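**Student:** no FASTA, just this:
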DNA sequence: CTAAAATGTAAGATATTCTTACCAGATGTA
DNA sequence: TACATCTGGTAAGAATATCTTACATTTTAG
């Protein structure tokens, strides 16, 4: 039936993909930075190719995310509802104070947009 | 002379070996725990075989050392010191998925730019 | 010194990764 | 709409790495 191809559990790949997109990079750009071909990056993200420790290290630097997070090591963690929430929270810690302030306003605006007139039980 | 065998820069292997000895484990024991053959562990430590991200993760747990240390990362520190960070995280958890997506883009835009290279094969 | 345990290494078998190419979806433009 | 471009997924044979077993060397303990 299945002849030797193994799908990996993946979560690292998914996180790497999330992180790449957040960094605003294409697979091709990342491939160039790592000295890989684009399909390799694609396979890594889909869990069809393993990431070596060195590659992982470089990717974390490029995306500016922590090794622990990418590998799924439980860190304090905020809330487990949406996987992207974790990432977003992590990204927040990298903003400078001014940006963080602006962001708080953006968040506030988003919320009042939607539930204007709601009372919060 | 040398036909296609590549020696890796290694430092990860050296650290893993160091960590293993500190943990008081033999290569054989570690190999069993990881479901590998002993020679594979030997090759990893000597830098003749790559360590995958998952293997690295498990090894770090077994040896009780941090990922950052093993890969030689300058002890990175994300400081959760800023009280506003917590507030922002709390706010994030209240957003709906769409807003969260939009927010991720806002954050990405805020991030001072990364390099841009070119792309597709 | 000897025995046992641990580690290093060789070689063919097996599996993964690379490389190139092509395809489809998305996006922007005239 | 039609067209060009960018992006990401995947296939297939070639290239390379890893596995597995066996044996050699080193280390440790008695």
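**Tutor:** That came in fine, so what should we check first? Since the model is a prediction, treat every value here as computed from it, not as a measurement.

**Student:** name the helix or strand for residue A:68, please.
**Tutor:** Here residue A:68, judged by DSSP states H and E, is contained in helix A:67-71.

**Student:** now the helices: where do they sit in chain A?
**Tutor:** Under the criterion DSSP state H, chain A contains helices at A:12-22, A:27-34, A:38-45, A:53-63, A:67-71, A:83-92, A:97-115.

**Student:** which ones are touching the closest residue to residue A:46 other than its chain neighbours?
**Tutor:** Closest residue in space to residue A:46, ignoring its immediate chain neighbours: residue A:13 at 6.0 Å, by C-beta to C-beta, 6 or more residues apart in numbering or on different chains. The way it works is simple: take the backbone N, C-alpha and C, and place the C-beta from them, glycine included. Shown in contact with residue A:13 (C-beta atoms under 8 Å, 6 or more residues apart in numbering or on different chains): A:44-47, A:51.

**Student:** just the buried residues from those residues, in ChimeraX please.
**Tutor:** Listed next is the ChimeraX selection for buried residues among the contacts of residue A:13, using 16 or more other C-beta atoms under 10 Å in any protein chain shown:
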select /A:44,45,47,51
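
**Student:** farthest pair in the contacts of residue A:13?
**Tutor:** The span of the contacts of residue A:13, defined through C-beta to C-beta, is set by A:46 and A:51 at 11.9 Å.

**Student:** nearest to residue B:68, out of the helices of chain A?
**Tutor:** Ranking the helices of chain A by proximity to residue B:68 (C-beta to C-beta) places helix A:67-71 first, at 5.9 Å.
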